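Engineer: sequence first, predicted model second:
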Amino acid sequence: MTLLFIRIFFIILSTVIGFFTGISFISPEMKWGIIGGMTGFFASVVLITFESWMRKVSVRNLSAAVFGLIFGLFMSWVLTSAIKLVPMDPRAFSTIQIILTLIFCYLGMVIAIRGKDEFNLVIPYVKFTRQDQRDEIILLDTSVIIDGRIADICSTKFIEGRIVIPRFVLKELQQIADSPDALKRNRGRRGLDILNRIQKDTTMDVKIEEEDFPDIPDVDAKLVKLAQLLGAKVLTNDYNLNKIAQLQSVTVLNINELANALKPVVLPGELLEVRIVKEGKEFNQGVAYLEDGTMIVVDNTRNLIGQTVRAVATSVLQTSAGRMIFAKLESGDYHSGRKQR
C-alpha cells in the first residue's frame with residue numbers, strides 16, 4: 001500500500017513539474033503547460049513500469065554489474081592516462097578514450113556477473129552488529145514445509161535467526177498444489193497453508209529470496225548453492241538432500257533427527273503399558289506404538305492384538321528410521337495370554 005501511494009505521488013509530482021516546466025521554459029501559453037504535464041505523466045509511467053520490471057533482477061547480479069562497471073571505468077582511466085602521455089591529435093585521443101571506456105566497461109560487467117558465485121559482493125541479511133553476535137539464516141526446502149511441523153517449532157521460538165524461503169521452492173510448491181494427482185495436490189495446498197501460517201507469525205523474521213540459478217535444473221542443488229552463497233543452514237527432512245548438503249559442507253538441520261532426539265528414553269528393564277495393534281514380522285510377535293510414534297515389538301503377543309498389555313523393555317535399537325524397542329510380556333500378562341489362547 002505504501003509503495004502504491006509513493007508511485008501515485010510520483011506521477012502527480014512529475015505531471016505538475018512538467019506543466020510548470022512547459023510554461024516557464026518554452027512558452028507561457030497554456031497549451032505548452034499541458035504538453036509539459038502530459039510529457040511528465042507519461043515519463044513517470046514509463047519509469048514506474050521499468051522499476052516494476054527491475055524487481056525480477058537479482059540484487060546480487062545488479063551489484064556485480066555495478067562493481068564491474070566501476071572497475072572497467074577505473075581501468076580505462078588508467079590506460080587512457082598512460083596513452084595521454086603520447087603526443088597525438090586530440091580528436092584521435094578522444095576516439096581512443098571512448099573506445100577503451102566502452103570495451104573495459106563491457107568486459108568488467110560481463111566478467112563480474114559470470115564470477116558472482118566466486119565472490120559475494122553483497123552479503124544479504126548481515127547486519128552491522130557486535131562481532132560476538134551472529135544472524136543465523138535458515139533455508140526451508142519443500143519437504144519440510146509440506147511436513148508442517150516447522151510451523152509448530154517456529155511458534156515455540158526454539159529457532160533463532162531469519163527464515164528464508166527461496167522463490168524456486170515456492171514455485172515447486174505451487175506446481176505440486178496444481179498437480180492433477182489428488183494426493184500431491186493436497187500435499188501442496190497443505191504446504192501453502194503452513195507457509196502462510198509461518199509468515200503470519202509476528203515473532204519470526206521471514207524473507208522470500210528472489211535469487212535463482214537458471215543453469216541448475218534441480219531444486220535441491222539450487223538450495224545447496226544458495227546456502228553456500230549466504231552461509232546459511234538448510235532445514236529439511238529429505239534424506240537425499242541431507243546427504244548432498246553434507247557432502248558440500250553445508251550445515252543441515254534435519255527435523256526427523258530433532259524428533260528422534262526428543263523422544264523419551266526407554267531403558268532395558270523399564271515397564272511399559274502398551275496396546276498391541278498388529279502382528280510382528282517374526283513368529284508370535286506383536287507391534288505397539290508409544291505416543292511419539294516409537295515402535296515397540298513385544299514377544300508372545302500375536303494373540304493379544306487389540307488388547308493393552310504390560311511389557312518389560314529388553315533392548316533398544318536405533319535405526320535410520322528411528323528408535324525401535326524390543327520387549328517381552330510381564331509375567332502376569334504372559335500367563336493371562338496363555339489362558340485366553
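Structural biologist: Looks like it arrived, so ask away.

Engineer: ok, the most centrally placed residue in the chain to residue 153 distance?
Structural biologist: Centre of the chain computed as the mean C-alpha position; nearest residue by Cα atoms, centre = their mean is residue 165, 2.8 Å away. To residue 153, residue 165 is 15 Å away according to Cβ to Cβ, to the nearest Å. Glycine gets a C-beta too; all of them are placed from N, C-alpha and C.

Engineer: one step back: please name the residues that touch the residue nearest to the centre of the chain.
Structural biologist: Residues near residue 165 by Cβ atoms under 8 Å, 6 or more residues apart in numbering: 139, 140, 145, 195, 206, 207, 208, 209.

Engineer: which residues belonging to stretch 292-307 are considered buried?
Structural biologist: 294, 295, 296, 297, 298, 299, 300, 301, 302, 304 (16 or more other Cβ atoms under 10 Å).

Engineer: mind putting the residues you listed in JSON lines, secondary structure and distance to residue 274 included?
Structural biologist: Shown next, in JSON lines, are the buried residues of stretch 292-307 (DSSP: H, G, I helix; E, B strand; the rest coil; distance: Cβ to Cβ, whole Å):
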{"residue": "294", "secondary structure": "coil", "distance to residue 274": "10"}
{"residue": "295", "secondary structure": "strand", "distance to residue 274": "10"}
{"residue": "296", "secondary structure": "strand", "distance to residue 274": "6"}
{"residue": "297", "secondary structure": "strand", "distance to residue 274": "10"}
{"residue": "298", "secondary structure": "strand", "distance to residue 274": "7"}
{"residue": "299", "secondary structure": "strand", "distance to residue 274": "13"}
{"residue": "300", "secondary structure": "coil", "distance to residue 274": "14"}
{"residue": "301", "secondary structure": "coil", "distance to residue 274": "9"}
{"residue": "302", "secondary structure": "helix", "distance to residue 274": "14"}
{"residue": "304", "secondary structure": "helix", "distance to residue 274": "10"}
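
Engineer: closest to residue 62 out of those?
Structural biologist: residue 294 (51.1 Å; Cβ to Cβ).

Engineer: quick one: the closest one and residue 262 touch, right?
Structural biologist: No. Between residue 294 and residue 262 there is no contact under Cβ atoms under 8 Å: 11.1 Å.

Engineer: where is the longest strand in this protein?
Structural biologist: Secondary structure of the chain per DSSP state E: the longest strand is strand 308-319.

Engineer: quick one: it to strand 295-299, angle?
Structural biologist: 120 degrees (axes from the mean of the first three to the mean of the last three Cα atoms, to 10 degrees).

Engineer: alpha carbons of strand 308-319, in CSV - could you do that?
Structural biologist: Provided in CSV are the C-alpha atoms of strand 308-319 (Å, rounded to 0.1, in the frame of the first residue of the first chain):
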residue,chain,number,x,y,z
THR,A,308,-3.5,-53.4,26.3
VAL,A,309,-0.6,-55.3,28.0
ARG,A,310,2.2,-54.6,30.4
ALA,A,311,5.6,-55.3,28.9
VAL,A,312,9.2,-55.1,30.0
ALA,A,313,11.8,-53.5,27.7
THR,A,314,14.6,-55.8,26.8
SER,A,315,16.6,-53.8,24.3
VAL,A,316,16.6,-50.5,22.4
LEU,A,317,17.7,-50.3,18.7
GLN,A,318,18.5,-47.1,16.9
THR,A,319,17.8,-47.3,13.2
